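Engineer: here is the input, now give the coordinates:
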Amino acid sequence: MSTTYYFVIVGTNDAPMYEAEIGQYFSDPSNSSKRDEYRHLNQFIVHSALDLVDDAILCSNS
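Structural biologist: This next block holds a predicted model:
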């Protein structure tokens, strides 16, 4: 089983400033279709997590 990591720095308005996919799975050219699927899934997870952080910040300032 290979381990992969997705690292992203997100700026204002949820615009990604830097993205990196690190791991053996992404370096294999035969996995290009799955790589695109995982890229979208990773972006969804990151933005969902940021939504939770935004909600927590808004609630704590009230």
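Engineer: which residue ranges of the chain form strands?
Structural biologist: Counting by DSSP state E, one finds strands in the chain at the ranges 4-10, 16-23.
Engineer: so which of those strands is nearest V46?
Structural biologist: For V46, the closest of the strands of the chain is strand 4-10, at 5.5 Å, according to CB to CB. Using the backbone N, CA and C atoms, a C-beta is placed for each residue, glycine as well.
Engineer: packing partners for that closest one?
Structural biologist: If you count contacts as 3 or more CB pairs under 8 Å, 6 or more residues apart in numbering; DSSP states H and E, strand 4-10 packs onto strand 16-23, helix 24-27, helix 32-60.
Engineer: turn the ones you listed into a markdown table, columns for mean neighbour count and distance to I9.
Structural biologist: Shown next, in a markdown table, are the helices and strands packed on strand 4-10 (neighbours: other CB atoms under 10 Å; distance: least, CB to CB, whole Å):
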| stretch | mean neighbour count | distance to I9 |
| --- | --- | --- |
| strand 16-23 | 12 | 4 |
| helix 24-27 | 14 | 18 |
| helix 32-60 | 11 | 10 |
